[in-house]
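Asks: Generate a structure from the sequence data that follows.
(2 chains)
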Protein chains: 2
Amino acid sequence: MAILVPISFLLRFFFLLSLLSFSVSDSDSPSAHQHRVFPRPLIVEYTDMTEEVREQCGAWRVAGEANNLGPWRTVPEECAEYVKEYMTGRGYVVDLEMVSKEAREYVKSVELGSDGKDAWIFDIDETLLSNLPYYAAHGYGLEVFDHEKFNDWVEKGVAPAIEPSLKLYENVLNMGFKVILLTGRSERHRSVTVDNLINAGFKEWDQLILRTSDDQGKRAVLFKSEKRSEMESDGYRILGNSGDQWSDLLGSSVSVRSFKLPNPMYYIP
Amino acid sequence: MAILVPISFLLRFFFLLSLLSFSVSDSDSPSAHQHRVFPRPLIVEYTDMTEEVREQCGAWRVAGEANNLGPWRTVPEECAEYVKEYMTGRGYVVDLEMVSKEAREYVKSVELGSDGKDAWIFDIDETLLSNLPYYAAHGYGLEVFDHEKFNDWVEKGVAPAIEPSLKLYENVLNMGFKVILLTGRSERHRSVTVDNLINAGFKEWDQLILRTSDDQGKRAVLFKSEKRSEMESDGYRILGNSGDQWSDLLGSSVSVRSFKLPNPMYYIP
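Replies: As a prediction, the model looks like this:
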């Protein structure tokens, strides 16, 4: 037990060191990792989380990404710290970039028809626009979803772009796809959503489909399947679909390839 | 730069500490984590892998679990060490247990009919039986798949059970499901597969479906969809499906719930 005194000192030291290395590695610059203060970042785990919590919550998060979880209302309490760390640290960004990269590789491989009917569908929230500022103020998914408060946030129209998705979006547009935005947001938020998207750098979409009063109360997976089916009736070939919820991607009239963006903060059935 | 001398000392100290904490946390005992030598395991990352490799390969693995990757033939070279560590360390086991737990929670929630037609489908390789001893000798997916060598391994009939899957299997049987085994293995391996399954603790399945000569050369996703469609024609209701490949789970006649077991070692289209 004599070892405990140096450990508390070392903790403080390594905590400072980790902050330093974190502030470097958090940069958007792709070369950031080549200019570390120390040759190898040996310590990044500086929070109070035990290894078991990290393992369990990591497995929970991956199970969600693989669509293995049943419906859930809030992040499990024991994973609150883990999810916060994931969302605000490197984990979320690296995952977003990986999905964007894979989607762009697929885009490169596709041969488009000449009739302008090849379509790529994008969901909006946590796919093109990030509500992280809202969720940061509401426990990163630990609090039960509050429609009213969330609508107040949506109406501000200030959600930032998810940069790796913007990169994919521009790539998809440049390749000649028709972009269709398909969102669970309500029709009454059309104008604030359009303004928010444009301010965040998104442009030239073909259609923006929101929930009308007829669609209220429908499960997302049904609403989105119906809309995809209408696109097919209109002659579109749905070659790509990007969404952060499995209910964006599954159901009927599914896309040739679907891309599931990470989201451990909430679940929409 | 005066700080570099103490760091090299601290590194060595923490390396030893990490070995100690790892040897404890690696135990199978569920209570192992409650008897750590030190109150908090601060360091678990003791290999030569840089944090960037760990991040990138972690994102690659999760992208695979979320079906975001295009077809791949081998594990990316830079992720060889990461995949080995994942497969042989806690990561794989914890993920397997999470999927099994989620599936068992679903099993509990299902009301079965009285006609004995509620079915659960299990894939075999990396779902019920583990080929980890084979892959350990072949780079954990770093080597291109060698049918001949793999068949030699299959013919030994010594693949161990994946324990969390055996637990689910028994649970599913006890609840009254009909168990259908649907595997890409060839019909000529029927007898060795049956022996292997029984020795590993699996029993009382309703059907074991292997590839006949007619099915050779068919993509797994088509072969398995056809077989599921036949099950439906035979009156089965497919309520659960467990597999380590998305081609076990997607296509047509998909199950009410599907459970994707982790597998970063190989990809079957």
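
Asks: Quickly list what the residue of the stretch 151-269 of chain A found nearest chain B is bridged to.
Replies: Of all residues in the stretch 151-269 of chain A, residue A:260 sits closest to chain B, at 4.3 Å by Cβ to the nearest Cβ. Where you see a C-beta, it was placed from the backbone N, CA and C, and this is true even at glycine. Taking DSSP bridges, one finds residue A:243 as the beta-bridge partners of residue A:260.

Asks: hang on, isn't it packed against residue A:246?
Replies: Yes: with contacts defined as Cβ atoms under 8 Å, residue A:260 counts as touching residue A:246 at a distance of 6.8 Å.

Asks: more crowded one of those two?
Replies: When neighbours are counted by other Cβ atoms under 10 Å in any protein chain shown, residue A:260 and residue A:246 differ, and residue A:260 comes out ahead with 26 against 21.

Asks: Identify the residues contacting the more buried one.
Replies: For residue A:260, the residues meeting the contact criterion (Cβ atoms under 8 Å, 6 or more residues apart in numbering or on different chains) are A:65, A:67, A:99, A:243, A:244, A:246, A:249, B:66, B:67, B:68.

Asks: Give me the neighbour count for the fifth one.
Replies: Yep, that's residue A:244 we're talking about. The criterion is other Cβ under 10 Å. On that basis, residue A:244 has 27 neighbouring residues.

Asks: and what of the first one?
Replies: Residue neighbour count, defined by other Cβ under 10 Å, stands at 25 for residue A:65.

Asks: Give me the distance between it and residue A:227.
Replies: The gap separating residue A:65 from residue A:227 is 24 Å, by Cβ to Cβ, to the nearest Å.

Asks: now do the fourth one
Replies: Distance of residue A:243 to residue A:227, computed by Cβ to Cβ: 12 Å.

Asks: Overlap of the contact sets of those two?
Replies: The overlap between the contact sets of residue A:243 and residue A:227 (Cβ under 8 Å, 6+ apart) is empty.

Asks: Between those two, which is the more surrounded one?
Replies: When residue A:243 and residue A:227 are compared for neighbours, residue A:243 comes out ahead with 27 against 17, by other Cβ under 10 Å.

Asks: Name all residues that make contact with that one.
Replies: Contact criterion Cβ under 8 Å, 6+ apart gives A:121, A:122, A:123, A:127, A:249, A:258, A:259, A:260, A:261 as the residues in contact with residue A:243.

Asks: what's the neighbour count on the third one?
Replies: By the measure other Cβ under 10 Å, the count of residues near residue A:123 is 26.

Asks: Grab the nearest non-local neighbour of it.
Replies: For residue A:123, the nearest residue in space outside its immediate sequence neighbours is residue A:243; the separation is 3.8 Å by Cβ to Cβ, 6 or more residues apart in numbering or on different chains.

Asks: so what's the one you found scoring on pLDDT?
Replies: As summarised for this prediction, residue A:243 has a pLDDT of 98.

Asks: mind checking the longest strand of chain A?
Replies: Assignment by DSSP state E gives strand A:178-186 as the longest strand of chain A.

Asks: for the helix or strand following that strand, the distance to its chain's centre please.
Replies: Past strand A:178-186, further along toward the C-terminus, the next helix or strand under DSSP states H and E is helix A:190-199. From the chain centre to the centre of helix A:190-199 is a distance of 19 Å (Cα atoms, centre = their mean, to the nearest Å).

Asks: Could you list the residues in contact with helix A:190-199?
Replies: A:124, A:128-129, A:154-159, A:181, A:183, A:185, A:203, A:205, A:208, A:210.

Asks: tell me the pLDDT at the residue of the stretch 151-269 of chain A closest to chain B?
Replies: The predicted local confidence for residue A:260 comes out at a pLDDT of 98.

Asks: related to what we said a few turns ago, can you put the contacts of residue A:243 in CSV and add distance to residue B:54?
Replies: Supplementary listing: those in CSV, determined by distance: Cβ to Cβ, whole Å:
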residue, distance to residue B:54
A:121, 33
A:122, 30
A:123, 29
A:127, 26
A:249, 28
A:258, 27
A:259, 23
A:260, 22
A:261, 21
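
Asks: Could you single out the nearest of those residues to residue B:265?
Replies: Lowest distance from residue B:265 to the contacts of residue A:243 (Cβ to Cβ) belongs to residue A:260, with 20.9 Å.

Asks: Count the neighbours of residue A:93 for me.
Replies: Residues lying near residue A:93 (other Cβ under 10 Å) number 20.

Asks: do the same with the one 10 residues further on
Replies: The local packing count at residue A:103 equals 27, with neighbours defined by other Cβ under 10 Å.

Asks: got a list of what it touches?
Replies: Applying Cβ under 8 Å, 6+ apart to residue A:103 gives the contacts A:168, A:240, A:242, A:257, A:259, B:68.

Asks: That one should be in a strand, yeah?
Replies: No: residue assignment for residue A:103, taken from DSSP: H, G, I helix; E, B strand; the rest coil, gives helix, which places it outside any strand.

Asks: quick one, phi psi at residue A:115?
Replies: Backbone dihedrals for residue A:115, given as degrees, to the nearest 10, come out at phi -90, psi 0.

Asks: Using the three-state scheme, assign the closest residue to it other than its chain neighbours.
Replies: When the adjacent residues along the chain are set aside, residue A:115 lies closest to residue A:235, with 7.8 Å between them (Cβ to Cβ, 6+ apart). Secondary structure assignment for residue A:235 (three-state DSSP): coil.

Asks: Need phi/psi at residue A:235.
Replies: Comment: the main-chain dihedrals of residue A:235 come out as phi 100, psi 0, following degrees, to the nearest 10.

Asks: Measure how buried it is and give me the count.
Replies: For residue A:235, the neighbour count with other Cβ under 10 Å is 10.

Asks: For it, give me the pLDDT.
Replies: Confidence per residue is given as pLDDT, and for residue A:235 that number is 98.

Asks: What's the separation between it and residue A:117?
Replies: With distances defined as Cβ to Cβ, the gap from residue A:235 to residue A:117 amounts to 5 Å.

Asks: residues in the stretch 151-269 of chain A within reach of chain B, list them.
Replies: When proximity is defined as Cβ under 8 Å from any Cβ of the partner chain, the stretch 151-269 of chain A approaches chain B at A:257, A:258, A:259, A:260, A:262.

Asks: Buried residues, the helix or strand residue A:106 falls within. List them.
Replies: Secondary structure from DSSP H and E places residue A:106 in helix A:90-109. Of the residues in helix A:90-109, A:90-104, A:106-107 count as buried by neighbour count, 16 or more other Cβ atoms under 10 Å in any protein chain shown.

Asks: State the mean pLDDT of that helix.
Replies: 98.

Asks: Work out the gap between that helix and the centre of the chain.
Replies: Computed by Cα atoms, centre = their mean, the chain-centroid distance of helix A:90-109 equals 11 Å.

Asks: what do you get for stretch A:256-269?
Replies: The chain centroid and the centroid of stretch A:256-269 are separated by 7 Å, computed with Cα atoms, centre = their mean.

Asks: Can you give me the end-to-end span of it?
Replies: Stretch A:256-269 has an end-to-end distance of 21 Å (criterion: Cα to Cα, to the nearest Å).
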